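[1] need the 3D shape of this:
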Amino acid sequence: MKRFALFVLTSSALVAGCGGSSSSPTDVVQPPQPPTTTEVFTGTISPSPSAQSVRSHNFTVTQTGTMTIHLTSAGPPATIKIGVGVGTPNTDGVCAIPQGNGFELAAAPTPQLTGTAAAGPTCVAVVDSGNMVADVDYSVTVVHP
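    Residues are numbered from 1 along each chain as shown. Presented below is the predicted three-dimensional model:
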């Protein structure tokens with residue numbers, strides 16, 4: 001079951017039509033957002049095919065809402081790209097990542113991914129995406145309801 005739909009952050013603009021109407025605009029009321037929890041996961045991954053080439057971090061989303069994922073650091077080297085995915089922990093506690101929920105990311109100053117997470121057990125996994133030649137330390141920040 002797909003629990004989390006990820007998409008790359010995009011910016012959008014609202015376009016309002018101009019017309020000869022004399023009516024006033026209607027205020028859009030946004031539903032209240034659930035309170036969020038910030039979790040920071042750190043570790044070291046090794047180049048594949050090592051058993052240490054995948055690290056799973058489990059957490060619980062308390063209610064459906066927006067979740068962001070931020071690879072805050074990875075290296076050495078500081079420019080390395082590693083795999084980051086979101087899924088559901090399996091019975092062994094390993095993060096099962098549905099197709100389309102894994103991304104190759106480099107550390108950045110702002111969150112790279114955002115989406116809607118359903119309530120329940122959730123996980124983020126960090127993996128060697130195939131370009132590592134030595135161990136890489138990482139830090140991932142997840143903000144979720």
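
[2] and residue 129, which of the three is it?
    Under DSSP: H, G, I helix; E, B strand; the rest coil, residue 129 falls in the coil class.

[3] tell me the contacts of it?
    For residue 129, the contact set (CB atoms under 8 Å, 6 or more residues apart in numbering) comprises 81-83, 104. For glycine as for every other residue, the C-beta is placed from the backbone atoms N, C-alpha and C.

[4] what about residue 136, how many residues close to it?
    Neighbour count of residue 136, defined by other CB atoms under 10 Å: 22.

[5] buried ones in the biggest strand by length in the chain?
    Longest strand in the chain, counting residues (DSSP state E): strand 65-75. By neighbour count, and taking 16 or more other CB atoms under 10 Å as the criterion, the buried residues in strand 65-75 are 65, 67-72, 74.

[6] do stretch 49-57 as well
    Of the residues in stretch 49-57, 53-57 count as buried by neighbour count, 16+ other CB under 10 Å.

[7] which two of these have the greatest separation?
    Pairwise distances across these peak at 15.0 Å for 53 and 57 (criterion: CB to CB).

[8] burial of residue 103, as a residue count?
    In terms of burial, residue 103 registers 19 neighbours under the definition other CB under 10 Å.

[9] show the pLDDT at it.
    Model confidence at residue 103, given as pLDDT, is 95.

[10] does it belong to a helix, a strand or coil?
    Under the three-state scheme (three-state DSSP), residue 103 adopts strand.

[11] quick one: low-confidence ranges for the protein?
    When residues are selected by pLDDT under 70, those of the chain lie in 1-26.
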